[in-house]
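Participant: Output the structure for:
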Amino acid sequence: MRDPVRGHPPLPHRAPFVLLDTIVEVAPGAHARAERMVTTADPLLRDDACLSETLLIEAMAQCAGVASATGRGDTAGGLVAIDRLQVHGAVVAGDRLTLEAHVVKKMGPMVKVHVTARVGADLRAEGQLVLRLGALSTGHA
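Facilitator: Numbering: from 1, shown residues only. Next comes the predicted model:
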């Protein structure tokens, strides 16, 4: 799998759990837009060929992590809280998922980010996530 964040802050994930195929746009510390092409070959799809709501939220959190990191020593961190997030529809094999994240507020190492997930013009999920930024460990626990 290609590295979707080459040149951008790294995510603390490895295949198959990197849920972003491409970073389309990023303004470090402000916003990001990413895409994922959902295919029938995707090992993370449920038996009904849908991306679970949990993995949809994880994809949104990964986009939020890319948007949140400023590139000045911080990195994409971990999901701390989910706030007022609603899922409006399923994401299925054949969909091109577009994820957007806009930083709303910074509180020390904590960042609140407004996130959306769309397929075409159709809103599939929207809400706010709180992440904690920090340096990624190079070792394994």
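Participant: Run through the strands of this structure in chain order.
Facilitator: Assignment of strands within the chain using DSSP state E yields the ranges 22-27, 31-37, 50-51, 78-87, 91-92, 96-107, 110-119, 122-132.
Participant: any chance of those in CSV, with mean pLDDT, mean neighbour count and distance to A61 too?
Facilitator: Backbone N, C-alpha and C define where each C-beta goes, glycine included. Below are the strands of the chain laid out as CSV (pLDDT from 0 to 100; neighbours: other CB atoms under 10 Å; distance: least, CB to CB, whole Å):
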stretch, mean pLDDT, mean neighbour count, distance to A61
strand 22-27, 92, 15, 14
strand 31-37, 96, 21, 11
strand 50-51, 94, 20, 14
strand 78-87, 94, 13, 5
strand 91-92, 96, 20, 15
strand 96-107, 96, 18, 9
strand 110-119, 97, 21, 8
strand 122-132, 97, 18, 6
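Participant: Tabulate the ones you listed in JSON lines, adding columns for distance to A59.
Facilitator: Written out in JSON lines, the entries for the strands of the chain read as follows (distance: least, CB to CB, whole Å):
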{"stretch": "strand 22-27", "distance to A59": "12"}
{"stretch": "strand 31-37", "distance to A59": "6"}
{"stretch": "strand 50-51", "distance to A59": "8"}
{"stretch": "strand 78-87", "distance to A59": "11"}
{"stretch": "strand 91-92", "distance to A59": "9"}
{"stretch": "strand 96-107", "distance to A59": "6"}
{"stretch": "strand 110-119", "distance to A59": "7"}
{"stretch": "strand 122-132", "distance to A59": "9"}
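Participant: Of all the ones you listed, which one is nearest L44?
Facilitator: Using CB to CB as the measure, strand 50-51 is the one of those that comes nearest L44, at 6.9 Å.
Participant: So what are the sheet partners of that closest one and their directions?
Facilitator: In its sheet, strand 50-51 lies beside strand 91-92 (antiparallel), with partners assigned from DSSP bridges.
Participant: Roughly how far does D42 sit from T116?
Facilitator: When distance is defined by CB to CB, to the nearest Å, D42 is 21 Å away from T116.
Participant: er, L55 actually
Facilitator: 16 Å.
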